[in-house]
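Enquirer: Have a look at this fold, sequence not included:
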């Protein structure tokens with residue numbers, strides 16, 4: 001399978017071929033194209049009028065008000081299924097004012113978001129929506145059941161990268177593994193999340 005880069009700022013871009021690249025903004029997402037020839041009964045991940053992955057990124061970055069408060073940006077989904085999202089250090093997100101450490105709630109919230117996106121990807125991989133209404137129905141069913149976060153180091157850095165992978169997606173529940181690194185690549189926190197998906 002091959003990857004493609006999409007812009008997420010101009011609605012829902014379309015991919016008409018395996019190797020097309022959309023490079024019209026600084027916000028891009030790496031996506032996996034479903035090979036319909038080797039997976040009969042599955043449809044191409046890019047619909048003529050609707051792009052599920054661009055919609056998912058739009059939800060994560062722009063449609064959830066709390067994510068906008070956190071300033072989450074640059075959502076990426078790599079060919080190997082790793083979901084990443086970035087948060088920049090801002091004064092409003094500091095928890096320890098004396099040392100300038102990022103608040104633990106910002107770390108756990110960001111891990112929850114990236115874990116939720118990974119859970120959504122697990123669902124989308126099973127059942128690709130064909131339009132915006134169907135995507136909204138699928139995405140609206142996803143919610144956090146349980147999450148554990150281990151804070152390993154203080155949240156020091158100018159920006160942070162959270163990543164998640166799906167460990168298992170069932171018909172009702174998905175389990176993800178998440179990590180939170182600073183701009184030097186230091187692991188700040190790690191966690192697991194359990195999400196209702198159906």
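Expert: Noted; the coordinates are in hand. It should be emphasised that the depicted structure is a prediction, and the values quoted were computed from it without experimental measurement.
Enquirer: how about the one residue sitting closest to the centre of the chain, what does it touch?
Expert: Centroid-nearest residue in the chain: residue 117, 3.8 Å away (criterion: Cα atoms, centre = their mean). If you count contacts by Cβ atoms under 8 Å, 6 or more residues apart in numbering, residue 117 has them with 56, 60, 75, 77, 83, 85, 164. Any C-beta I mention is one placed from the backbone N, CA and C, and that applies to glycine too.
Enquirer: Where does the first one fall, secondary structure wise?
Expert: I take that to be residue 56. With secondary structure defined by DSSP states H and E, residue 56 is part of helix 52-58.
Enquirer: And the next helix or strand past that helix?
Expert: The first helix or strand that comes after helix 52-58 along the chain, using DSSP H and E, is helix 65-70.
Enquirer: in that next one, what counts as buried?
Expert: Under the neighbour-count criterion of 16 or more other Cβ atoms under 10 Å, helix 65-70 has 67, 70 buried.
Enquirer: ok, back up a step: for the helix holding residue 56, give the mean pLDDT please.
Expert: Averaged across helix 52-58, pLDDT comes to 73.
Enquirer: which stretches of this protein form helices?
Expert: Listed in chain order, the helices of the chain (DSSP state H) span residues 52-58, 65-70, 104-126, 132-140.
Enquirer: what is residue 187 paired to in the beta sheet?
Expert: Counting by DSSP bridges, residue 187 forms beta bridges with residue 181.
Enquirer: Distance of it relative to residue 180?
Expert: Distance, residue 187 to residue 180, using Cβ to Cβ, to the nearest Å: 7 Å.
Enquirer: Which one of the two is surrounded by more residues?
Expert: Taking other Cβ atoms under 10 Å, residue 187 and residue 180 do not tie; residue 180 has more neighbours (28 against 12).
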